[in-house]
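Colleague: heads up, no residue letters with this:
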């Protein structure tokens, strides 16, 4: 068995964010499911822990690929079986949770972009004796639903930080682009930006239709030339926003949440001002550590408060440090 002393050391390193430098995750494809090298244990046998990770990520979303990398690497490091599933439809995500409960997994990790749609499924998992760690979205509902911990960034605070930076850059009117209808975290980001920036309008687009998203951003910039900043809430949308601003001959400068290779390059060339980095690799890695500690030593973490993975900010001052990690799929 993986020793508790060694596990506690990993947890201490992970909690300070240094686990990113210690582990390199493989490149992942977000479609379907996958598992680590650890074998599944039959319920009650005392064998290796088996965890299901169920997120709301869309297929091919670079952000969720990094979350998946983190969860799978933690499984390999800690001898935990990890199966990853995702579906952007809340009803389908709830069914994935129900399936994991029916299979009597030893632990469950769930992102909650739409908490109410998942409440019954998560509470049924808790009633079945399955420890749940929530990640990324829905921190306000996590303890209420019975989860033992939440790992992520407080979206309102992250939005406030982005708004402060854009205001300090001399921007006066901000377009905040929401790309997933019903995702409470995205509304919280835009609301937070409004608190510190002031003059903010929102635009709804569909991340699954990037061409249309680019056209909608372009149209908004053309119809209101006074917009001088765009805040994207996803790295893929950010690339579309940069292209839309060029097409519209707009003076608007783009900032974004999250990193990918395109955002790294755009920060370097100045077409993106900064990225809000919630370090999503930790959102995959840390819950596996916490569930392992809970199962083997009864440990909990956070004291009812979320374990914060962000916000951090990546701009020209630190992009050269972060870029190699983004390239290997851990940032």
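Modeller: Looks like it came in fine. Quantities reported herein were computed from a predicted structural model and do not represent experimental measurements.

Colleague: my guess is residue 93 meets residue 117, correct?
Modeller: Yes - contact criterion C-beta atoms under 8 Å: residue 93 and residue 117 qualify, at 7.4 Å. Heads up, the C-betas are built off the backbone N, CA and C, glycines and all.

Colleague: Tell me which of the two has more neighbours.
Modeller: Applying other C-beta atoms under 10 Å to residue 93 and residue 117 shows that residue 93 carries more neighbours, namely 25 against 17.

Colleague: Just give me the neighbour total for residue 301.
Modeller: Neighbour count for residue 301, taken as other C-beta under 10 Å: 17.

Colleague: Mind pulling the model confidence for it?
Modeller: Looking at residue 301, its pLDDT is 94.

Colleague: pretty sure it is in contact with residue 150, am I right?
Modeller: No - counting by C-beta under 8 Å, residue 301 sits too far from residue 150 to count as a contact (10.0 Å).

Colleague: which ones are touching the residue nearest to residue 70 when sequence neighbours are not counted?
Modeller: Spatial nearest neighbour of residue 70, chain neighbours left out: residue 284 (2.8 Å); criterion: C-beta to C-beta, 6 or more residues apart in numbering. Listed by C-beta atoms under 8 Å, 6 or more residues apart in numbering, the contact set of residue 284 reads 53, 66-74, 109, 135.

Colleague: in what helix or strand does residue 284 lie?
Modeller: Using DSSP states H and E, residue 284 falls within helix 280-297.

Colleague: List the contacts of the nearest residue to residue 197 once chain neighbours are set aside.
Modeller: Distance criterion C-beta to C-beta, 6+ apart; nearest residue to residue 197, sequence neighbours excluded, is residue 163 at 3.5 Å. For residue 163, the contact set (C-beta under 8 Å, 6+ apart) comprises 174, 192-198, 200.

Colleague: picking up where we left off before, just the contacts of residue 284: which are in helices?
Modeller: The helices, defined by DSSP state H, take in 66-74 from the contacts of residue 284.

Colleague: Now residue 212, what are its backbone angles?
Modeller: phi -70, psi -40 (degrees, to the nearest 10).

Colleague: What of residue 182?
Modeller: Per degrees, to the nearest 10, the backbone of residue 182 is at phi 90, psi 0.

Colleague: picking up where we left off before, so when I look at the residue nearest to residue 197, I'm seeing a helix, right?
Modeller: Yes - assignment of residue 163 by DSSP: H, G, I helix; E, B strand; the rest coil places it within a helix.

Colleague: okay, it: pLDDT?
Modeller: For residue 163, the pLDDT comes out at 98.

Colleague: and it, how far is that from residue 231?
Modeller: 8 Å (C-beta to C-beta, to the nearest Å).
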